[in-house]
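**Student:** Give me coordinates for this.
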Amino acid sequence: MKFPILPEQASTTAVQVDYLFWFLTGLSALLMLIIFGPMIYFLFKYRRLNLVDRHLPDFPTHRIEITWSVIPLFIVLGIFVWGSSVFYSMARVPSQGLEINVVGKQWMWHIQHAEGNREINELHVPVGQTVKLTLASEDVIHSFYLPAFRIKQDVVPGRYRTEWFQATKTGTFPLYCAEYCGTFHSGMIGRVFVMSPTAYEQWLERGQPGDSLAQSGERLFRELGCSGCHMGNSTIRAPRLEGLFGKPVPLQNGTIVRADEKYIRDSILLPQLQITAGYEPLMPTFQGRLSEDQLFQIIAYIKSLGAKTPQPLP
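**Tutor:** Model (predicted):
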């Protein structure tokens, strides 16, 4: 029977993290040996009544002090540079990749694919392809944890967090919530299925979603009456959404923000927080009327308008 020290490696990130982990573990063991080995030896050698020479040796103390200060300094700086590079590669989400939305709620992970496929406590992804996760919480703080991929991200209510990975092997791997989130926290367990690209495409087709995420968002956009102000020849002067996503937006206070997922979410739930320059604060709040899943759908629809040309203002 095997008892692995660490979970199985299944992503590009896992290799980097494990190299750093084993280096720090080995360095800690070496320092323990260097420090505690002589300490234990001296305890016996210079114990009371043991006849040994206890005169202070004539050592060049300045050289010794410089040595044990400079060498650890370079070791610590090397660890900092190495650790920073690993952290940066994990925190910097690639611009291209398979985008998947994840909503944590008591006590499940609800997952939405751009094609419209939805999963609960299961995540299907293709091997060898970058997967970008946008995470949100419906209620309390959760923590999206994939030990085989060495990634863990806290999911905080009212905020979007991003995470990414690239699986290196096919198989089934565990998915946990690593933050105590209530009575049934221990049951918030799922699985990640890493499939070949062909098998993944077949899985998407078998799901047979009625609408894609953007199509569901468009329908919800019109049902809520948003199209009456933000699209077409509306009588209310409101910012146009075609070509908005990813672009800089000037605000009334003179600052400029980027129209990303967080900006769109805040504009829907907290419309008075960031007023677009040249417009009146007329938009009502939809806080309490939309779930995180529905917000993801509307955002997906607005993102789909990114390549379109804005219509002229009335």
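**Student:** From the contact counts, what lies against the helix ranked longest in the chain?
**Tutor:** Criterion DSSP state H: the longest helix present in the chain is helix 12-45. Packing partners of helix 12-45 (3 or more CB pairs under 8 Å, 6 or more residues apart in numbering; DSSP states H and E): helix 61-91, strand 161-166. Every C-beta, even on glycine, is put in place using the N, C-alpha and C of the backbone.
**Student:** okay, the ones you listed, which one's buried deepest?
**Tutor:** Among the helices and strands packed on helix 12-45, strand 161-166 has the highest mean neighbour count (mean count of other CB atoms under 10 Å), at a mean of 20.
**Student:** tell me the angle that one makes with helix 12-45.
**Tutor:** Here the directions of strand 161-166 and helix 12-45 differ by 90 degrees (axes from the mean of the first three to the mean of the last three CA atoms, to 10 degrees).
**Student:** Let me see the mean pLDDT of strand 161-166.
**Tutor:** For strand 161-166, the mean per-residue pLDDT is 93.
**Student:** What residues of the very next helix or strand once past that strand count as buried?
**Tutor:** Following strand 161-166 in sequence order, the next helix or strand is strand 171-177 (DSSP states H and E). For strand 171-177, the neighbour count (16 or more other CB atoms under 10 Å) marks 173, 175, 176, 177 as buried.
**Student:** Residue 172 contacts residue 193, doesn't it?
**Tutor:** Yes - assessed by CB atoms under 8 Å, residue 172 is found in contact with residue 193 at 5.6 Å.
**Student:** where's residue 71 relative to residue 96, distance?
**Tutor:** With distances taken as CB to CB, to the nearest Å, residue 71 is found 43 Å from residue 96.
**Student:** residue ranges with poor pLDDT in this structure?
**Tutor:** 1-3, 208, 232-236, 307-314 (pLDDT under 70).
**Student:** domain parsing for it?
**Tutor:** The chain breaks down into these domains under automatic domain parsing: 1-48+93-209, 213-304.
**Student:** how many other residues sit next to residue 51?
**Tutor:** 5 (other CB atoms under 10 Å).
**Student:** same check, this time on the one 5 residues further on
**Tutor:** As a burial measure, residue 56 scores 5 neighbours (other CB under 10 Å).
**Student:** Need the three-state assignment for it.
**Tutor:** coil (DSSP: H, G, I helix; E, B strand; the rest coil).
**Student:** can you tell me which residues contact it?
**Tutor:** For residue 56, the contact set (CB atoms under 8 Å, 6 or more residues apart in numbering) is empty.
**Student:** for it, phi and psi?
**Tutor:** Torsion angles at residue 56 (phi, psi; degrees, to the nearest 10) stand at phi -70, psi 130.
**Student:** so how far is residue 105 from residue 72?
**Tutor:** 47 Å.
**Student:** let me redo that: residue 30
**Tutor:** Computed as CB to CB, the residue 30 to residue 105 distance reads 46 Å.
**Student:** These two: which has the busier surroundings?
**Tutor:** Neighbour totals were compared for residue 30 and residue 105, and residue 105 leads with 20 against 10 (other CB under 10 Å).
**Student:** still on that earlier bit, now tabulate the helices and strands packed on helix 12-45 in TSV and tack on distance to residue 306.
**Tutor:** Converted to TSV, the helices and strands packed on helix 12-45 look like this (distance: least, CB to CB, whole Å):
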stretch	distance to residue 306
helix 61-91	24
strand 161-166	18
